[in-house]
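A.B. asks: Mind folding the following:
(6 chains)
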Amino acid sequence: MNRVLNLVHRDPLASDDLTTCLRLCAPGDAVLLRGAAVTAALEGADCDRPEGVRWYVLADDLALYGLGLRALRADVAPIDYPGFVQRVLECELCQSW
Amino acid sequence: MNRVLNLVHRDPLASDDLTTCLRLCAPGDAVLLRGAAVTAALEGADCDRPEGVRWYVLADDLALYGLGLRALRADVAPIDYPGFVQRVLECELCQSW
Amino acid sequence: MSAVDPSANRAARRVMVVLRDPPHGGARARERIDLVLMALALELEVSIVFLGAGVLQLLRPDAGADSVHDHGAALGSLPLYGIHGVYAEAEALRRYRIDPDALRLPVTVLGAAELGALIHRQDRLL
Amino acid sequence: MSAVDPSANRAARRVMVVLRDPPHGGARARERIDLVLMALALELEVSIVFLGAGVLQLLRPDAGADSVHDHGAALGSLPLYGIHGVYAEAEALRRYRIDPDALRLPVTVLGAAELGALIHRQDRLL
Amino acid sequence: MVCCPPEAVAGARAALEFSAAALAAGCRIERVFFYHQGVYTGLETARAPSGEFDPSQRWRRLATEHGLDLVLCVGAAQRRGVLDQALAEEHGQAPTLAAGFRIAGLGSWLDAVLAADRVIRFEG
Amino acid sequence: MVCCPPEAVAGARAALEFSAAALAAGCRIERVFFYHQGVYTGLETARAPSGEFDPSQRWRRLATEHGLDLVLCVGAAQRRGVLDQALAEEHGQAPTLAAGFRIAGLGSWLDAVLAADRVIRFEG
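C.D. replies: Here you go, the predicted model:
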């Protein structure tokens, strides 16, 4: 079974991208939050947490949105672009939402 | 107090436009569903119904989306373009979402 | 993008296209189907899955509706070109109250778990 | 658009601009502010209200963030040009966990009912 | 104000059909102003595939019949590469503005807003 | 595959920075394919306001440094008015394709998809 890296960019409070994506996730998959979706990485953000799914947030976009100094969810790891590349290489598949 | 005609075009299942719009409605206002938002006019559609707000759906777009023969909510009136013009003239203000 | 060692991935043949765009809201929905047609022309094993508002593409405009930009012909031709699978998410059909027997294209309705499994068996997501 | 009788509506002076676009997702957020600036230049009584994802415009990019397309300068200048009111929806600030005291522009936080009342008192919604 | 790109068929069609119905009802249309991605409606080189709804051509026809003023916002147009003769010369480019449209500032839109009884914005 | 228009700064920047990081990590980039509204990145007459992030220019620079192949989808480009010399002649228009980009079919994208280990799509 191939692992999927899910790229989510729309704000989950204004779109259904993230919830749709999470419905289809399997253990071993990853979710990378970028663009306005970085808001879902903040501490207290309300979303499903399917088991075995790794969470990342693009640190550059957190900073761009002025959220770089805010506390993040404990299960979300901030990454830079080289980290983004590594996450892509770790997963066989990539799905953009 | 001026009345507002609200034009909503995004699918309420995929965006927060309609719920935001309804939060700000007052009695006497109108909501006109067009584009992918026509899905909210179907019988059984789940959304807030603020008191005193009139609901319309653009019949052309219902037909375009292949929903013209489906049962509609009892509180939503299908209108054509001349009807759209009349609704605009009835309200002093118009807000597009 | 390729890792440094261009390995034996020429056998990538099972591809899936996820279709989530509502129709008539832009050229995206239609252009995603063009991509499906091209993958079929290259004789890949192509599956498509309609998710969320994408299931609205499966409805035929009413007779008499101004035919502005209907990509129904392209959609309808997919079985002729040997598409491997056409799937729709049960949850999406339920939320949009769409009867799976009245669609312009025969679809296999799947739950999220089965759909997830299917996605994870692909070689590429386009 | 005008009804047949072009009546005494030259006095339309109270205008409101609703800002709902998240920043950095396109030129829309910035272009909506251009419209606010133009209305101010014509000496209208201009109010703006940040709704939904629009409240993200009120955050200043972190120091050191690549300044790609920051329309903060334009936003910050609004009080200088005599903007009448700057409002943000309490519910939006709460959902995005934004502290109203740490914004790039002083805002008046209002509930949906008060905001609704304000909207209904305008002469034009731009 | 038309804010949707020409490829957004439902939005583009609604703006057109609404305008035609308003004229038929005896209303006067002060100005049709294209903003945001709506300015792509006036890009001369773009062409809807044959058989598809073509907003650019339809606006031109309605404008000719009723003397409508079709205006693209200058800032939005420049950013997106729709240039009239003057802008093209300024940037050392070839003009790309379709016949029937002109380019002007946001002020020209606000003038129309204040002159008219109603203002309607068409999105997506 | 880049699907976001150049004005979508966050998306355009992510695609660029990701590509640069992938090259730095020793990956090979088979092809950069612009689809949907992404084709506006190759529109010669468009210009980001000064001081703003300019995806078109940034892609051109990265391509020159690393020999990248920047390709616009022919169907998507024609619909949106981005024409190379050949398309322009066909339509009796002036070309509008920016230097550094070329136009080709979806087949050229799928070739790259099959030749590469990974395919990534950048939206909004």
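
A.B. asks: Could you use CA atoms for every contact and neighbour count after this?
C.D. replies: Noted.

A.B. asks: What count of nearby residues applies to the residue in chain A that chain E sits nearest to?
C.D. replies: Using Cα to the nearest Cα, the single residue of chain A nearest to chain E is A:Ser15, 15.5 Å away. Residues lying near A:Ser15 (other Cα atoms under 10 Å in any protein chain shown) number 19.

A.B. asks: Now it. Nearest residue, chain neighbours left out?
C.D. replies: Distance criterion Cα to Cα, 6 or more residues apart in numbering or on different chains; nearest residue to A:Ser15, sequence neighbours excluded, is B:Ser15 at 4.7 Å.

A.B. asks: what residues are up against that neighbour?
C.D. replies: Neighbour list for B:Ser15: A:Ala14, A:Ser15, A:Asp16 [criterion: Cα atoms under 8 Å, 6 or more residues apart in numbering or on different chains].

A.B. asks: What about those, which are in helices?
C.D. replies: Assignment to helices by DSSP state H places none of the contacts of B:Ser15 there.

A.B. asks: Please name the residues that touch the residue found closest to C:Tyr81 once you drop the neighbours it is linked to in the chain.
C.D. replies: Setting aside the residues directly before and after it, C:Tyr81 is nearest to C:Leu40 in space (Cα to Cα, 6+ apart), at 6.5 Å. Neighbour list for C:Leu40: C:Val46, C:Tyr81, C:Gly82, C:Ile83 [criterion: Cα under 8 Å, 6+ apart].

A.B. asks: Check A:Val8 too.
C.D. replies: Going by Cα under 8 Å, 6+ apart, the list of residues near A:Val8 reads A:Asp17, A:Leu18, A:Val31, A:Leu32, A:Leu33, A:Arg34, A:Gly35, A:Ala37, A:Ser96, A:Trp97.

A.B. asks: Give me the phi and psi for the fourth one.
C.D. replies: Same thing as A:Leu32. As for A:Leu32, its main-chain torsions (degrees, to the nearest 10) stand at phi -110, psi 120.

A.B. asks: Wait, it touches A:Leu7, no?
C.D. replies: Yes: counting by Cα atoms under 8 Å, A:Leu7 is a contact partner of A:Leu32 at 5.0 Å.

A.B. asks: how about the strands in the chain?
C.D. replies: Looking at chain A here, since you left the chain open. With strands called from DSSP state E, chain A shows them at A:4-8, A:30-33, A:54-58, A:76-79, A:93-96.

A.B. asks: Please refer instead to chain E.
C.D. replies: Counting by DSSP E, chain E has strands at residues E:32-34, E:70-73, E:102-104.

A.B. asks: nearest spatial neighbour of A:Tyr65, skipping sequence neighbours?
C.D. replies: In space, A:Tyr65 comes closest to D:Pro61 once its chain neighbours are excluded; the distance is 5.4 Å by Cα to Cα, 6+ apart.

A.B. asks: Please apply the same query to E:Ala15.
C.D. replies: Nearest residue to E:Ala15 in three dimensions, chain neighbours excluded: E:Phe122, at 6.0 Å (Cα to Cα, 6+ apart).

A.B. asks: List the residues that contact the spatially closest residue to C:Leu126 that is not a sequence neighbour.
C.D. replies: Closest residue in space to C:Leu126, ignoring its immediate chain neighbours: C:Val17 at 5.2 Å, by Cα to Cα, 6+ apart. Residues in contact with C:Val17, defined by Cα under 8 Å, 6+ apart, are C:Arg32, C:Val36, C:Val46, C:Ser47, C:Ile48, C:Val49, C:Leu125, C:Leu126.

A.B. asks: Specify the local secondary structure of C:Gln122.
C.D. replies: Reduced to three states with DSSP: H, G, I helix; E, B strand; the rest coil, the structure at C:Gln122 is coil.

A.B. asks: Which residue would be the closest one in chain C to chain D?
C.D. replies: Nearest residue of chain C to chain D (Cα to the nearest Cα) works out as C:Gly26 at 16.2 Å.

A.B. asks: number of nearby residues for the spatially closest residue to A:Asn2 that is not a sequence neighbour?
C.D. replies: With Cα to Cα, 6+ apart as the measure, C:His120 is the residue that lies nearest to A:Asn2, at 5.0 Å, once sequence neighbours are left out. Applying other Cα under 10 Å, we find 21 other residues in the vicinity of C:His120.

A.B. asks: I'd guessed C:His120 sits against A:Arg3; true?
C.D. replies: Yes: with the criterion set as Cα under 8 Å, C:His120 and A:Arg3 qualify as a contacting pair; they are 6.4 Å apart.

A.B. asks: Which neighbours do the two have in common?
C.D. replies: Contact criterion Cα under 8 Å, 6+ apart; residues bridging C:His120 and A:Arg3 by contacting each: A:Leu93.

A.B. asks: What residues sit buried inside stretch A:74-93?
C.D. replies: For stretch A:74-93, a neighbour-count test (16 or more other Cα atoms under 10 Å in any protein chain shown) marks A:76, A:78-85, A:87-89, A:91-93 as buried.

A.B. asks: Could you pull up phi and psi at the residue nearest to C:Leu126?
C.D. replies: In this entry, C:Val17 is assigned phi and psi values of phi -120, psi 120 (degrees, to the nearest 10).

A.B. asks: does it have beta-bridge partners, and which?
C.D. replies: Using DSSP bridges, the bridge partners assigned to C:Val17 are C:Ile48.

A.B. asks: Quick check, pLDDT for it.
C.D. replies: pLDDT, C:Val17: 98.

A.B. asks: For E:Ala112, see how far away it is.
C.D. replies: Between C:Val17 and E:Ala112 the computed distance is 46 Å (Cα to Cα, to the nearest Å).

A.B. asks: And for C:Ser77?
C.D. replies: Between C:Ser77 and E:Ala112 the distance is 48 Å, computed by Cα to Cα.

A.B. asks: coming back round to it: please tell me how far the residue of chain A closest to chain E sits from chain F.
C.D. replies: Note on A:Ser15: its distance to chain F, by Cα to the nearest Cα, to the nearest Å, is 13 Å.

A.B. asks: got it, and A:Ile79?
C.D. replies: According to Cα to the nearest Cα, A:Ile79 stands 12 Å off from chain F.

A.B. asks: Repeat that for A:Leu24.
C.D. replies: Relative to chain F, A:Leu24 is positioned 18 Å away (criterion: Cα to the nearest Cα).

A.B. asks: Kindly list the longest helix within the chain.
C.D. replies: Picking chain A for this. helix A:81-90.

A.B. asks: I was thinking of chain C, sorry if that wasn't clear
C.D. replies: Across chain C, the longest stretch assigned as helix under DSSP H is helix C:28-41.

A.B. asks: CA-only coordinates of that helix in CSV, if you can.
C.D. replies: The C-alpha trace of helix C:28-41 is given here as CSV (Å, rounded to 0.1, in the frame of the first residue of the first chain):
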residue,chain,number,x,y,z
ARG,C,28,-11.2,23.4,-14.1
ALA,C,29,-13.8,20.7,-14.1
ARG,C,30,-13.6,20.4,-17.9
GLU,C,31,-9.8,20.6,-18.0
ARG,C,32,-9.5,17.8,-15.4
ILE,C,33,-11.5,15.6,-17.7
ASP,C,34,-9.1,16.5,-20.6
LEU,C,35,-6.4,15.1,-18.4
VAL,C,36,-8.3,11.8,-17.9
LEU,C,37,-8.8,11.5,-21.7
MET,C,38,-5.1,12.0,-22.3
ALA,C,39,-4.2,9.4,-19.8
LEU,C,40,-6.6,7.0,-21.5
ALA,C,41,-5.0,7.8,-24.9
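
A.B. asks: mind listing what's buried in it?
C.D. replies: Of the residues in helix C:28-41, C:28-40 count as buried by neighbour count, 16+ other Cα under 10 Å.

A.B. asks: What parts of chain C come near chain A?
C.D. replies: With the criterion set to Cα under 8 Å from any Cα of the partner chain, chain C comes near chain A through C:3, C:52, C:112-113, C:115-117, C:120-126.
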